[in-house]
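1. Here is my input; please provide its structure:
(one chain, ligands or ions: 1)
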Amino acid sequence: METSIIKSQAYGKDRVRVVRVVRHADGWQEIADYWVCCLLSGAQFESSYTKGDNKLVVATDSQKNTVYYLAKTLPAEKVMVPEVFATEVASFMVKKYAHVTSCQVKVTTKPWERMKFDNKGHAHSFYREGKETRWTEAVVTKTNPPSAEQFTVKVNSGFYDLEVLKTTNSSFVDFWRDELATLPDMPDRMLSTKVLCQWKYVSTDLATLQQLPFDAIFAGAKRNTLDAFANDPRAWVHASVQTTLYIMADRILNDFAAVDDVYYALPNIHYFPFDLSKFGLKNLQSDAEVYMPIADPSGFITATISRPSKGKF
Ligand SMILES: O=c1[nH]c(=O)c2[nH]c(=O)[nH]c2[nH]1
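-> Model prediction:
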């Protein structure tokens, strides 16, 4: 039997999630958010496939570290443009390793749009354009069945998948400490969530209910969500996602008398600063510029907020 030959090979790390923040002295911040795939090839890697010989194998873990290392050490303008960053990573690999003859780097990005208030771009708050879905559900119930004379109308409206992110002005400190608590205080952190917001209208009069300015209330709920997230003066550094949630809902209830209560579900999508201290680089706490977003698990903060007269039940 003929021994099989390798016709082609390439190996590396896929879906390296790297986020780079550029913080300007005047408070203006920029963000790049990438999925990176880095693959190495070279004839000398053949023995790792055919002979179990790892001596020349640059671990895929090291390739991942290199992506974060370069995101930190390259000048910002070489990181913020995907094409430039891809060529930088690929050329770094072929220059550093004599036995690497080719490096293929794919960078996929989903841009964060800068939030705008009064037509002015916000310094550090972003959203993903056009991602959210508007949604509604109506339930009409007879009060004295089978009579169709009287009924109540309940309408739930809302939106989900509104993705927002702020690169600063969020914190989480002074939480419960015991032997199971390992999270350090975070006086300034990245905050990102995918908002689900839902509100309720209740009426016994269909015609009156149908006159409500549903489109304006939807727009107002979204505006309040973004504005509370980015700007609310009650807490420029929101103490927690819980506080942010309460402020968002409170603003909607204040703006729209027709809204009975507001429910939010806010996943706290974690972006952890990547620890580069092994490479002599400071990237933790106030030095954080390069982050690793974590798909799972996320925090998950929920609450239904109503006016005081409504009580708790
Ligand atoms: O805003 C937050 N609320 C929490 O309850 C919590 N828990 C945690 O680990 N991080 C955070 N952040």
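
2. Please count neighbours and contacts with C-alpha atoms only from this point.
-> Will do.

3. correct me, but residue 293 touches residue 268?
-> No. Look at residue 293 against residue 268 with C-alpha atoms under 8 Å: they stay out of range, at 10.9 Å.

4. Now list whatever residues contact both of those two.
-> Common contacts of residue 293 and residue 268 (C-alpha atoms under 8 Å, 6 or more residues apart in numbering): none found.

5. In the stretch 51-200 of the chain, which residue sits closest to the ligand?
-> Ranking the residues of the stretch 51-200 of the chain by distance to the ligand (C-alpha to the nearest ligand atom) places residue 172 first, at 5.5 Å.

6. Enumerate every residue touching that residue.
-> 185-189, 239-240.

7. Next one: the residue lying closest to it once chain neighbours are set aside from residue 273, what distance?
-> Of all residues not flanking residue 172 in the chain, residue 186 sits nearest, at 5.1 Å (C-alpha to C-alpha, 6 or more residues apart in numbering). Residue 186 is 11 Å from residue 273, where distance means C-alpha to C-alpha, to the nearest Å.

8. still on that earlier bit, compare the contacts of residue 172 and tell me which is most surrounded.
-> residue 189 (22 neighbours; other C-alpha atoms under 10 Å).

9. re earlier: residues that sit against both of residue 186 and residue 273, list them.
-> Counting by C-alpha under 8 Å, 6+ apart, the residues touching both residue 186 and residue 273 are residue 285.

10. quick one: the residue nearest to residue 172 from residue 286, how far?
-> On the measure of C-alpha to C-alpha, residue 186 and residue 286 end up 10 Å apart.

11. List of residues touching stretch 55-73?
-> 11-13, 16, 18, 20, 36, 38, 44-45, 48, 79, 89, 99, 274, 276, 279, 289-290.

12. So which of these are in helices?
-> 48, 79, 89 (DSSP state H).

13. what number of residues lie near residue 57?
-> Around residue 57 there are 17 residues (other C-alpha under 10 Å).

14. Can you name every helix or strand that the host helix or strand of residue 92 contacts?
-> Per DSSP states H and E, residue 92 falls inside helix 82-96. Helices and strands touching helix 82-96, as assessed by 3 or more C-alpha pairs under 8 Å, 6 or more residues apart in numbering; DSSP states H and E, comprise helix 60-73, helix 76-79, strand 102-109.

15. Now do the buried residues in that helix.
-> 82, 85-90, 93-94 (16 or more other C-alpha atoms under 10 Å).

16. How many residues are close by residue 279?
-> So residue 279, with other C-alpha under 10 Å, has 10 neighbours.

17. Disregarding residues adjacent in the polypeptide, which is nearest to it?
-> residue 69 (7.8 Å).

18. mind listing the strands for the protein?
-> Taking DSSP state E as the criterion, the chain carries its strands at 11-23, 29-41, 102-109, 113-117, 120-127, 133-142, 151-166, 191-203, 261-268, 271-273, 290-293, 299-306.

19. Run through the bridge partners of residue 105.
-> residue 38 (DSSP bridges).

20. What is the burial count for it?
-> 23.

21. so what's it up against?
-> Contact analysis of residue 105 by C-alpha under 8 Å, 6+ apart lists 36-39, 86-87, 89-90.

22. 7 Å instead?
-> 36-39, 86, 90 (C-alpha atoms under 7 Å, 6 or more residues apart in numbering).

23. Would you format those as JSON lines with pLDDT and distance to residue 152 included?
-> Listed next are the contacts of residue 105 as JSON lines, based on pLDDT from 0 to 100; distance: C-alpha to C-alpha, whole Å:
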{"residue": "36", "pLDDT": "96", "distance to residue 152": "53"}
{"residue": "37", "pLDDT": "96", "distance to residue 152": "55"}
{"residue": "38", "pLDDT": "97", "distance to residue 152": "59"}
{"residue": "39", "pLDDT": "97", "distance to residue 152": "61"}
{"residue": "86", "pLDDT": "97", "distance to residue 152": "59"}
{"residue": "90", "pLDDT": "97", "distance to residue 152": "64"}
